[in-house]
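Undergrad: build the 3D model from these lines:
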Amino acid sequence: MKVIIGVVLLVVLGAAAFAVYHWRIRPITPITDAAAGDQDPRLTYETPLLNVRPDIQYVGDEVCASCHTDKAETYRRHPMGRSLVPIAQVAANQQYDRKSGNPFDALGFQLRIKRHADQVVHEELKRDAAGKVVSQITTPIQFAIGSGTHAYSYLIQHDGILYQSPITWFTQKKTWDLSPGFAGHYYRFERPIMPGCLFCHCNHATPARDSLNGYQQPIFQGYSIGCERCHGPGQLHVQLRERNEPVDHDHTIVHPGRLAAGLRDAVCEQCHLGGKLRVLGRQRAAFDYRPGLPLDLFWRVFVTGGETATGMRVAGHVEQMHASRCFQKSAGAMTCTTCHDPHQLPAAAEQHVYYRARCLKCHDTRPCTETPAARKKTSPADNCQACHMPQASSDITHVALTDHRIPRKASPSMETRNPPVSQSGLVEFHGQKLDKADAELMRDFCVALMENTRVSADSNRAEASQQALPFLEQAVERHPDDLPARDALALALGFQGFAQKALATSKATLEFAPKREVTLSDAAMICQALGKNDEALDYWQRAAAVNPWSSRYRFEVAKQLAMKGDWERAAAACQRLLRDNSAHVEGRLLLVECLLQRDRKDEAKAEFQIVLALGPANAEDLRRRFEEQIKDRR
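TA: You can find the predicted model right below:
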């Protein structure tokens, strides 16, 4: 039973002392008191900055640009200033002909892109052996996500619920292909875009209560990463400047370069520090972080010791830089902006000169040991990056990224896979070891660990849940309203085979939040494993009410109706599912079963032919079983 529950659930599943002008905030103190997580750092953290408080309002980029015209103009062309836009702004930037890979085949389907003026639709088609289309999914695209420096991916919006398209435009190779992450798990047009994903691509969004990937509308308050994501809310700063008062030290706005090293780096780390596991702290929301505050009071980022020197993940730049000798010997002086101007990206033809000048700021007294001839051979433009920050393949198809480890000699090969996460050796990025006496740190770590098991099929889930269980039980006992800890606890109990306790935990969570989507889904899965089919149906129906666009929820509702023998309602549920997701093989097979149970054999045969045309891996077994069912009904 323990193994069954585990397999079923797996399916679901950062005293003030400051100098005259350069602020120097006291060192970060680890949260060790059980009640400390209840305190909002935006109210309690000791800082001269006035705009970190949660009641200070954002004013928007246009207000900033009214005074900072030059910075605003160059920033609009910076990748951060183009991180997410309405599709109309970039529809003309891609190519749509066959030479650019439109359409292309992936995972047995044909994917194609159609553009009409500023409108773009993505389609998935499946044809039978005769060339007839047996499945077609067409969906309009509302947003392009990514700057286009490496790629554009695309977002679909249904009533405030966001999904990612499986189609991506890869700028460097000027081709269309399958979006990163879809090859291992083909989500079709239903890869959920959750707040943790959106946080690093949009300026601000407000997640809808209880939903996994739903947002209050209008979804975006400013599309791309804006001025205030690095400088903090601008309300007080604008009011101060409007009064024309003399200012010696303006504490109404954040100047990252004047912050102490850890706080300065946190501004970049909020997006560029990915880690192995990353989780929001208790009582924190995705967009709560304010520049000028420690990141780990909001987000906990866990990394594996010794692994920062390998791997070319998109969000791995900070870990790589920390592994470099340049950073380690700088005594905290080196930061992202040592090399990068956050307001302006140099033109491609000027980049080698620009970055060489940045290198020489530190290395002017120790010239390159290679001969001029050798340097010219490697890089005719005498580009330091060619040897010390080479381009390498990343874990994103068709994309090359810069090696931020700054090796003395270019590495001929790099490890680009992300190995399964093991809890042994994990540390909090900002220096805190996993101390069992630190209640909040262990809570954050165990929540992150269990969220990883929800989406990972690695063999560490039993070990991870065993380690996490006692700390999660303590976390929930201390704070019964800690809903993420409750969900993690239910998951850990399930993986350890304590199904009844897992269900009781999920039910208690729903007392706090009756429409909490992830909890409803978990409860439904546990009920199914326990044979509580009526309860499972209720939970799936409640989850589908929260997110009516989820094919998974709609299919599970249909499946439970079929298990009750309510073939007519089950068939109707399947047909509603297939109207939006015509390639849903399991849904079609269930519809075939419903039709056979109602003695509608001709319709069942027609539906089954579509199933075969969709190319399921077990086609012969399905064919054999279907023929047996037909014979039994003669």
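Undergrad: spatially nearest residue to Cys227 (excluding sequence neighbours)?
TA: Cys64 (4.3 Å; C-beta to C-beta, 6 or more residues apart in numbering). For glycine as for every other residue, the C-beta is placed from the backbone atoms N, C-alpha and C.
Undergrad: whoops, I mixed them up, Leu240
TA: Thr252 (5.1 Å).
Undergrad: quick check: Ala529 touching Gly497?
TA: No: contact criterion C-beta atoms under 8 Å: Ala529 and Gly497 do not qualify, at 10.3 Å.
Undergrad: sorry, back to before: who are the contact partners of the residue nearest to Leu240?
TA: Thr252 makes contact with 50-51, 236-237, 239-240, according to C-beta atoms under 8 Å, 6 or more residues apart in numbering.
Undergrad: spatially central residue in this structure, please.
TA: Cys197 (2.8 Å; C-alpha atoms, centre = their mean).
Undergrad: okay, and that one sits in which element?
TA: helix 195-198 (DSSP states H and E).
Undergrad: list the buried residues for that helix?
TA: For helix 195-198, burial by neighbour count (16 or more other C-beta atoms under 10 Å) applies to 195, 197-198.
Undergrad: ok, how many other residues are close to Phe220?
TA: 19 (other C-beta atoms under 10 Å).
Undergrad: what distance do you get for it to Ser211?
TA: Taken as C-beta to C-beta, to the nearest Å, the spacing of Phe220 relative to Ser211 amounts to 16 Å.
Undergrad: what does stretch 286-295 contact?
TA: Contact partners of stretch 286-295, identified using C-beta under 8 Å, 6+ apart, comprise 14, 25, 28, 40-42, 45, 47, 49, 51-52, 54, 195-196, 198-199, 204-207, 229-233, 254, 256, 259, 262-263, 266-267, 269-270, 273, 280, 298-299, 301, 430.
Undergrad: filter these to the buried ones?
TA: Counted by 16+ other C-beta under 10 Å, the contacts of stretch 286-295 give 14, 25, 28, 41-42, 45, 47, 49, 51-52, 195, 198-199, 204-207, 229-233, 254, 256, 259, 262-263, 266-267, 269-270, 273, 280, 298-299, 301, 430 as buried.
Undergrad: next, Thr519: secondary structure please.
TA: Taking DSSP: H, G, I helix; E, B strand; the rest coil as the rule, one finds Thr519 in the helix state.
Undergrad: and it, what does it touch?
TA: 483, 486-487, 490, 506, 509-510, 513.
Undergrad: top of these by neighbour count?
TA: Ala490 (31 neighbours).
Undergrad: in three-state terms, label that one for me.
TA: Per three-state DSSP, Ala490 ends up helix.
Undergrad: so it makes contact with Ser506?
TA: Yes: Ala490 lies in contact with Ser506 (C-beta under 8 Å); the separation is 4.7 Å.
Undergrad: what is in contact with these two at once?
TA: In contact with both Ala490 and Ser506: 519, 522, 526, using C-beta under 8 Å, 6+ apart.
Undergrad: thought Cys64 was touching Gly234?
TA: Yes: counting by C-beta under 8 Å, Cys64 touches Gly234, with 6.2 Å between them.
Undergrad: quick check: neighbours shared by these two?
TA: What both Cys64 and Gly234 touch, as defined by C-beta under 8 Å, 6+ apart, is the set 227-228.
Undergrad: neighbour count: the two, which is higher?
TA: Just comparing Cys64 and Gly234: by other C-beta under 10 Å the higher neighbour count belongs to Gly234, 24 against 21.
Undergrad: ok, the nearest residue to that one once chain neighbours are set aside - contacts?
TA: Nearest residue to Gly234, sequence neighbours excluded (C-beta to C-beta, 6+ apart): Val59, at 4.2 Å. Val59 makes contact with 228, 233-235, 238 under the criterion C-beta under 8 Å, 6+ apart.
Undergrad: same deal with Val279?
TA: 299-300, 444-445, 447-448, 451, 484.
Undergrad: which one of those sits closest to Asn102?
TA: Lowest distance from Asn102 to these (C-beta to C-beta) belongs to Glu451, with 36.1 Å.
Undergrad: which strand or helix spans that closest one?
TA: Assigned by DSSP H and E, Glu451 falls in helix 439-455.
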